[in-house]
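Peer 1: this one's structure only:
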């Protein structure tokens, strides 16, 4: 498997003048987020992971050139939707009862895996602060535990991700047919035999 992009190159950095008011969220929701996690949120746009996609004129949607894998546990986990802070709070309040370990031991949902089956959590409690976990309600993840430790902090966690090239592209497209115009963030497909 060949990596197309890795780790922090998957995210768009925030500009110098872009401010994400994490402290306001903490105050309004009465949640204290870990320092490194907050720094990650303040440093990168999490709403768009830079995946490699291509378009075909005959279709109205894009195709992916790879899969986003967490390499230490590649057989089980690939990244799906990363939640905004507001959505993370909504997911926590909707899916978990206040008597649940998520509240009592201090876990905060920040993403889900690509299948939507597992929830990724950051520790906000005294004993799990900064640690990143995958929560598996049916204990079907690797070790058979409900919460499986993945990394000691968000930066270590993100370093483990790679956008890996898939063997065969959809619609019979070959990698040597892909090109992009200046300033575009997606690939176009050159017809076979077309000069460039």
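Peer 2: Nice, thanks for sending it over. Nothing here was measured: the structure is a model prediction, and the numbers come from that model.
Peer 1: Strands of this structure, start to end?
Peer 2: 3-6, 11-13, 44-49, 53-55, 62-64, 66-70, 79-82, 107-113, 119-123, 132-135, 147-151, 161-165, 178-179, 187-189 (DSSP state E).
Peer 1: Could you give me the buried positions within the fourth one?
Peer 2: Of the residues in strand 53-55, those with enough neighbours to count as buried (16 or more other C-beta atoms under 10 Å) are residue 54. Quick note: C-beta positions are derived from backbone N, CA and C, even for glycine.
Peer 1: What is it packed up against?
Peer 2: Identification of packing neighbours for strand 53-55 by 3 or more C-beta pairs under 8 Å, 6 or more residues apart in numbering; DSSP states H and E yields strand 62-64, strand 187-189.
Peer 1: Reformat these into a markdown table and put distance to residue 34, mean pLDDT and mean neighbour count next to each item.
Peer 2: Formatted as a markdown table, the helices and strands packed on strand 53-55 follow (distance: least, C-beta to C-beta, whole Å; pLDDT from 0 to 100; neighbours: other C-beta atoms under 10 Å):
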| stretch | distance to residue 34 | mean pLDDT | mean neighbour count |
| --- | --- | --- | --- |
| strand 62-64 | 32 | 73 | 15 |
| strand 187-189 | 37 | 79 | 18 |
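Peer 1: Tell me how many other residues surround residue 111.
Peer 2: Taking other C-beta atoms under 10 Å as the criterion, the count of residues near residue 111 is 22.
Peer 1: ok, now residue 14?
Peer 2: 15.
Peer 1: got a list of contacts for stretch 84-101?
Peer 2: Residues outside stretch 84-101 that contact it (C-beta atoms under 8 Å, 6 or more residues apart in numbering): 22, 25, 29, 31, 41, 46-47, 83, 102-103, 107-110, 119, 146-147.
Peer 1: now with 6 Å?
Peer 2: 25, 29, 102, 109-110 (C-beta atoms under 6 Å, 6 or more residues apart in numbering).
Peer 1: where are the low-confidence patches of this structure?
Peer 2: 1-6, 48-52, 65-67, 72-78, 139-143, 192-196 (pLDDT under 70).
Peer 1: go again using 50 as the cut-off
Peer 2: 196 (pLDDT under 50).
Peer 1: Mind naming the longest helix for it?
Peer 2: Taking DSSP state H as the criterion, the chain has its longest helix at helix 85-95.
Peer 1: Just the buried residues of that one, please?
Peer 2: 85, 88-89, 91-92.
Peer 1: How about residue 102: what's its closest non-neighbour residue?
Peer 2: residue 96 (4.3 Å; C-beta to C-beta, 6 or more residues apart in numbering).
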